[in-house]
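Novice: coordinates only, sequence not included:
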């Protein structure tokens, strides 16, 4: 396999697992010529969210706003936060994020950086966002609610949202989609999901994707094992009808 030297690397949801991220980055070995992007959800659940934020920020890597960054920023900077919202964030991993900062003190620079994160990045042939888009809305009408939180409504689309761009997302752990095993990537109509559930006990796989050469790089944060394989060997096609059926059942 001949690899192109200048690569675009996309990293899935890290969720505070800094040590695993360092092992993955060492494995991928990005150079100064490579472009590196993170899909959001750097924080919560894992033990070193502050380290992850600092690493991505200080290296000036591209990074999107994930729903966990959105909750983190809102809770820390907002006024009149409800008890239920606070509890939801803490239960969803926020307690580990606070604990990762010395004395729970979050630097102003981190908050300013989180506030600056974009909702999507258009790289020409690929288009990055954390969760997806509402297939029924034009791009200009989409909000953070869609970009950071949407799930089955996006996964069940029967036609690509863009005719000329592949949407790469995280947010939804791939093995929660029909027919996908832990560690596998999931692909639908015009989208590719690379959140393989680094924090989840059923998986542990943190994924980086070389979109230039179509190579998957993974580290398992529980046992430190590494693997790389061609994208075609590590991705499963998801049937829109099965997602749509699941969505209708959940509404019933």
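Specialist: Yep, that arrived. Computed from a predicted structure; not experimentally measured.

Novice: for the stretch of helix or strand residue 146 belongs to, which positions count as buried?
Specialist: Residue 146 is part of helix 144-149 when elements are defined by DSSP states H and E. Within helix 144-149, the residues that count as buried by 16 or more other CB atoms under 10 Å are 146, 147, 148. Any C-beta I mention is one placed from the backbone N, CA and C, and that applies to glycine too.

Novice: OK, contacts around the first one?
Specialist: This points to residue 146. Residue 146 makes contacts with 131, 132, 133, 134, 137, as judged by CB atoms under 8 Å, 6 or more residues apart in numbering.

Novice: and the first one, how many neighbours does it have?
Specialist: Using other CB atoms under 10 Å, residue 131 has 27 neighbouring residues.

Novice: swap in the third one?
Specialist: Here the count is done by other CB under 10 Å, and residue 133 has 25 residues near it.

Novice: Am I right that residue 217 sits in a helix?
Specialist: No: in this structure, residue 217 is strand, not part of a helix, as judged by DSSP: H, G, I helix; E, B strand; the rest coil.

Novice: For it, name its beta-bridge partners.
Specialist: In this entry, residue 217 is beta-bridged to residue 208, residue 228, by DSSP bridges.

Novice: Run me through the strand neighbours of the strand or helix carrying residue 168, direction for each.
Specialist: In this structure, residue 168 sits in strand 166-169 according to DSSP H and E. If you go by DSSP bridges, strand 166-169 pairs up with strand 126-129 (parallel), strand 191-193 (parallel).

Novice: got a markdown table for those, with mean pLDDT, mean neighbour count and distance to residue 160 too?
Specialist: Formatted as a markdown table, the strands paired with strand 166-169 follow (pLDDT from 0 to 100; neighbours: other CB atoms under 10 Å; distance: least, CB to CB, whole Å):
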| stretch | mean pLDDT | mean neighbour count | distance to residue 160 |
| --- | --- | --- | --- |
| strand 126-129 | 98 | 23 | 10 |
| strand 191-193 | 98 | 24 | 8 |
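
Novice: now for those strands, which one comes closest to residue 12?
Specialist: strand 191-193 (8.4 Å; CB to CB).

Novice: thinking again about what came up before, any idea of the mean pLDDT for the helix holding residue 146?
Specialist: When pLDDT is averaged along helix 144-149, the result is 97.

Novice: do stretch 23-39 as well
Specialist: Stretch 23-39 shows a mean pLDDT of 97.

Novice: can you give me the helices in the stretch 51-200 of the chain?
Specialist: Residue ranges of the helices in the stretch 51-200 of the chain, as given by DSSP state H, counting those that start in this stretch, are 67-77, 83-89, 95-100, 108-116, 144-149, 152-155.

Novice: related to what we said a few turns ago, who touches the strand holding residue 168?
Specialist: Strand 166-169 has contacts (CB under 8 Å, 6+ apart) with 10, 39, 125-133, 154, 160-161, 190-195, 209, 211.

Novice: rerun that using 6 Å as the cut-off
Specialist: Outside strand 166-169, the residues within contact range by CB atoms under 6 Å, 6 or more residues apart in numbering are 10, 126, 127, 128, 132, 190, 191, 192, 193.

Novice: Noted, bye for now.
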